[in-house]
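>>> What follows is a predicted structure for the sequence shown.
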Amino acid sequence: MDDVRIGVLGGTGLYEIEGLGAVKRTRIETPYGDPSDEYLEGVLHGVPMAFLPRHGRGHRILPSEINYRANIWGMKKLGVTHLVAVSAVGSMKEEIPPGMLVFIDQFIDRTRLRPSTFFGDGIAAHASFADPVSEPLARRLHEIAAGLGASCRYGGTYLCMEGPHFSTRAESRLYRSWGVDVIGMTNLTEAKLAREAELGFATIALATDYDCWHESEEDVQIESVLQVMRENVAAARTIIEGLAATLRERPCPCDVSMKDAIVTSRDAISDEVRRRVDLLIGKYL
């Protein structure tokens, strides 16, 4: 379909997408402030693509400082339909060794300092979030990774912590008792906002270390994380290229996820609020 557009949120180690044609950088103003950086727009295998480094070029923004709302709003403004988040994570299970790619299907939220909704301040909405990722998109990514021979698995729970510190040993053991598969600091907030923006969303979680629960491994050190991350980034780029080469249809019911989510009476929504949310849900107002 002509309206398919892929967005990519890059994390630690992934600051650009190679192979893009007709490249340009776009700065976007949003009702929620400035995104992390300029968006890199281009075309890959005939599919328009937009890339944004969530931590900014040079990795200067902490997870709690990221303006998630502006980042996702900007992707929506650029016409993105499928949003892929690439993220370094810690492994919470022996069977997910460093270097494995996990295609997440569930999240647990342990954040507390960041806005995670476009709504409030004059309009209330409650999006369904039982299944927080686009299964067709996540499965497509997994199929591409498996076809490349990558060490990967479909399905897993991502615990999103606040950061920027890594877990204490007690926290790590607690999260393992919950059945968590990986731990990170960014993707759940992005998934929530992508749902409100009606974008198909999926995560490529790149396991870089065992969290500090693992008694026979060294505690988490940023140097070792970055080393494994560099090895994984090439695989993530190839998977995204494979997605661009094969993706031709809209992903899932995410396209209409907000249709019945707005509970505020339409006559109680001010013109100012309507302008703020018009890009996201204007068709329902």
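Done, it's in.
>>> Quick check, central residue of this structure?
Nearest to the mean C-alpha position of the chain, counting by Cα atoms, centre = their mean, stands Ala85 at 3.2 Å.
>>> what's downstream of the host helix or strand of that one, the next helix or strand?
Element membership for Ala85, per DSSP states H and E: strand 82-91. Note on strand 82-91: by DSSP H and E, the next helix or strand toward the C-terminus is strand 101-103.
>>> And Ser177, how close does it get to Ala234?
Per Cβ to Cβ, to the nearest Å, Ser177 is found 35 Å from Ala234. (Glycine included, C-beta is placed from N, CA and C.)
>>> Run the angle between the lowest-mean-pLDDT helix or strand in the chain and strand 82-91 for me.
When the helices and strands of the chain are scored by mean pLDDT, DSSP states H and E, helix 222-246 comes last with a mean of 82. Angle of helix 222-246 versus strand 82-91, following axes from the mean of the first three to the mean of the last three Cα atoms, to 10 degrees, is 150 degrees.
>>> Can you show me the CA trace of the helix or strand that comes right after helix 222-246 as CSV?
Note on helix 222-246: by DSSP H and E, the next helix or strand toward the C-terminus is helix 271-281. Taking Å, rounded to 0.1, in the frame of the first residue of the first chain, the C-alpha atoms of helix 271-281 are listed here in CSV:
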residue,chain,number,x,y,z
ASP,A,271,-11.1,24.5,20.9
GLU,A,272,-7.6,24.6,22.4
VAL,A,273,-7.7,21.0,23.4
ARG,A,274,-9.1,20.0,20.0
ARG,A,275,-6.2,21.7,18.3
ARG,A,276,-3.7,19.9,20.5
VAL,A,277,-5.1,16.4,19.8
ASP,A,278,-6.4,16.9,16.3
LEU,A,279,-3.5,15.0,14.6
LEU,A,280,-4.1,12.0,16.9
ILE,A,281,-7.9,11.7,17.2
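>>> Helix 271-281 - contacts with which helices or strands?
If you count contacts as 3 or more Cβ pairs under 8 Å, 6 or more residues apart in numbering; DSSP states H and E, helix 271-281 packs onto helix 68-77.
>>> residues in contact with the helix or strand hosting Asp109?
Assessed by DSSP H and E, Asp109 sits inside strand 106-110. Applying Cβ atoms under 8 Å, 6 or more residues apart in numbering, the contact partners of strand 106-110 are 116, 132, 156-162, 175, 178, 180, 187-188, 191.
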